[in-house]
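[1] next input, structure requested:
(chains A and B)
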Amino acid sequence: NAGVMQNPRHLVRRRGQEARLRCSPMKGHSHVYWYRQLPEEGLKFMVYLQKENIIDESGMPKERFSAEFPKEGPSILRIQQVVRGDSAAYFCASSPAAGGQAFFGQGTRLTVV
Amino acid sequence: QQQVKQSPQSLIIQKGGISIINCAYENTAFDYFPWYQQFPGKGPALLIAIRPDVSEKKEGRFTISFNKSAKQFSLHIMDSQPGDSATYFCAAKLQGGSEKLVFGKGMKLTVNP
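    Alright, predicted model coming up:
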């Protein structure tokens, strides 16, 4: 049983470009969470999704950031018009149900140059 | 109110010693307290977790101690090994609320041989 798969592992974007981060949850998991980790910091919650629904986006910046988890395919975290401050590691986690243990992927390290 | 404060920021100990990491919180609505271990370049992995109705939980060399009245909890790593060298994060989740985890800033543990 493969774990949570995130790709790409590393992503370099120039300021103003778009970044698309993908997360395939573990088999049988329908709940996905995105977190951001700045250097030397803990993880900060961004958004919680179930299939086709955003349940909690209280940690998402109001502009340029969006997330989706379609009926088919991976969850996508999209960052438009990236700025240097978006450089961070972005982690996805999945769980089989609300309240279930969340398993984390290996993260996507975004560098904005 | 939504913060989890973790200390120390780093710790260096000798093999065989006991590593102790402390966390404190303010919000009494937190009802789930996990500890995560993260190796460089990897995602966080759940080590052990506790709920407030229990004062201590032990799994192998890892023990969580929970003090509900003081709103503090700690992780003890007994007989620390060089392979335990990693960053450790405490976290907390709200009762009945969103599934999001609130993380401490992490503690970098180095165990010397």
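
[2] and the strands in chain A?
    Remark: strands assigned in chain A by DSSP state E are A:5-7, A:10-13, A:19-24, A:31-37, A:43-50, A:53-56, A:65-68, A:75-79, A:88-95, A:103-104, A:108-112.

[3] tabulate those (a markdown table), appending mean neighbour count.
    Glycine gets a C-beta too; all of them are placed from N, C-alpha and C. Formatted as a markdown table, the strands of chain A follow (neighbours: other C-beta atoms under 10 Å in any protein chain shown):
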| stretch | mean neighbour count |
| --- | --- |
| strand A:5-7 | 18 |
| strand A:10-13 | 15 |
| strand A:19-24 | 20 |
| strand A:31-37 | 24 |
| strand A:43-50 | 22 |
| strand A:53-56 | 14 |
| strand A:65-68 | 18 |
| strand A:75-79 | 20 |
| strand A:88-95 | 24 |
| strand A:103-104 | 20 |
| strand A:108-112 | 18 |
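
[4] tell me which residues touch residue A:83, please.
    Contacts for residue A:83 (C-beta atoms under 8 Å, 6 or more residues apart in numbering or on different chains) come out as A:15, A:112.

[5] measure stretch A:38-45 end to end?
    12 Å (C-alpha to C-alpha, to the nearest Å).

[6] what comes into contact with it?
    Residues from elsewhere that reach stretch A:38-45 (C-beta under 8 Å, 6+ apart): A:33-37, A:58-59, A:88, A:91, B:6, B:44, B:89, B:100-106.

[7] any weak-confidence spans in chain A?
    A:1 (pLDDT under 70).

[8] count of neighbours near residue 100?
    You didn't pick a chain, so chain A it is. Neighbours of residue A:100 under the rule other C-beta atoms under 10 Å in any protein chain shown: 12.

[9] the chain in question should be chain B.
    Residues near residue B:100, counting by other C-beta under 10 Å, number 22.
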